[in-house]
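Peer 1: Compute the structure for the input listed below.
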Amino acid sequence: MLVVVEEYNPIWAHQFDVIKGELEDILQGVRYLTIEHVGSTSVPRLAAKPVIDLAVISERDEVDAAIRALASTGGYMYMGERGIPDRHAFSKPGAIPARHLYVSVEGCQSIRNQLALRDICRNDPFIRAAYGETKRKLARRDWKSGDEYCEAKNDIIAWILEKAGMSSEDRDQIRKLNTRV
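Peer 2: The predicted structure is shown next:
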């Protein structure tokens, strides 16, 4: 499997804004805290797969309402937690731009990981450059699956999250979640 990693494209921020507006319409009547642009496309000057990652952050008691709205009104396919507690994944085949959408429970491990990684890469050029170079190198390999590529990023992600101040226990938990058996 070929993994495509491109140099940063400023259009990704605009694409996020458009999708966020669509999600706000879909989620009318659902209480959620925020819709965040996460993943590498959310970091200016960082190489990334050209896929917009979004997280709808919700309180636990509103997750089911968000899932129903996204599936029934938004045309998103609910994929479950996919092994990541409190992070509910959605796909929308054929959507342009390509996207990964998650509904995450406020404060869960997954959203803390995504926001910490995003924020430190936005603010630290050295860390951003190291992560981008690692992703470019890994993209040159032939992978059996996208999960295998993600697992190969475990070491750099653990290093970045350590720099962001995340505890070793939290980093170990993330490594386990990112390792497919």
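Peer 1: Run a quick neighbour tally on Ala69.
Peer 2: Residues lying near Ala69 (other CB atoms under 10 Å) number 21. The way it works is simple: take the backbone N, C-alpha and C, and place the C-beta from them, glycine included.
Peer 1: show me what contacts it?
Peer 2: Ile26, Leu27, Gly29, Val30 (CB atoms under 8 Å, 6 or more residues apart in numbering).
Peer 1: Do I have it right that the last one meets Ala65?
Peer 2: Okay, so that is Val30. Yes. In this structure Val30 lies within contact range of Ala65 using CB atoms under 8 Å: 4.7 Å.
Peer 1: that older thread, between the contacts of Ala69, which sits nearest Met77?
Peer 2: Met77 lies nearest to Ile26 out of these, by CB to CB, at 13.7 Å.
Peer 1: ok, back up a step: more neighbours, Val30 and Ala65?
Peer 2: The neighbour count for Val30 versus Ala65, taken as other CB under 10 Å, is higher for Val30 (21 against 16).
Peer 1: what about that one, distance to Lys92?
Peer 2: Computed as CB to CB, to the nearest Å, the Val30 to Lys92 distance reads 17 Å.
Peer 1: for the contacts of Ala69, which one is nearest Lys49?
Peer 2: Ile26 (24.2 Å).
Peer 1: Tell me who's in contact with the nearest residue to that closest one once chain neighbours are set aside.
Peer 2: Leaving aside its chain neighbours, Ile26 sits nearest to Gly74 (4.0 Å; criterion: CB to CB, 6 or more residues apart in numbering). Taking CB under 8 Å, 6+ apart as the criterion, Gly74 is in contact with Glu22, Leu23, Ile26, Lys92.
Peer 1: could those go into a markdown table alongside pLDDT, secondary structure and distance to Lys49?
Peer 2: Formatted as a markdown table, the contacts of Gly74 follow (pLDDT from 0 to 100; DSSP: H, G, I helix; E, B strand; the rest coil; distance: CB to CB, whole Å):
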| residue | pLDDT | secondary structure | distance to Lys49 |
| --- | --- | --- | --- |
| Glu22 | 98 | helix | 21 |
| Leu23 | 98 | helix | 20 |
| Ile26 | 98 | helix | 24 |
| Lys92 | 96 | coil | 16 |
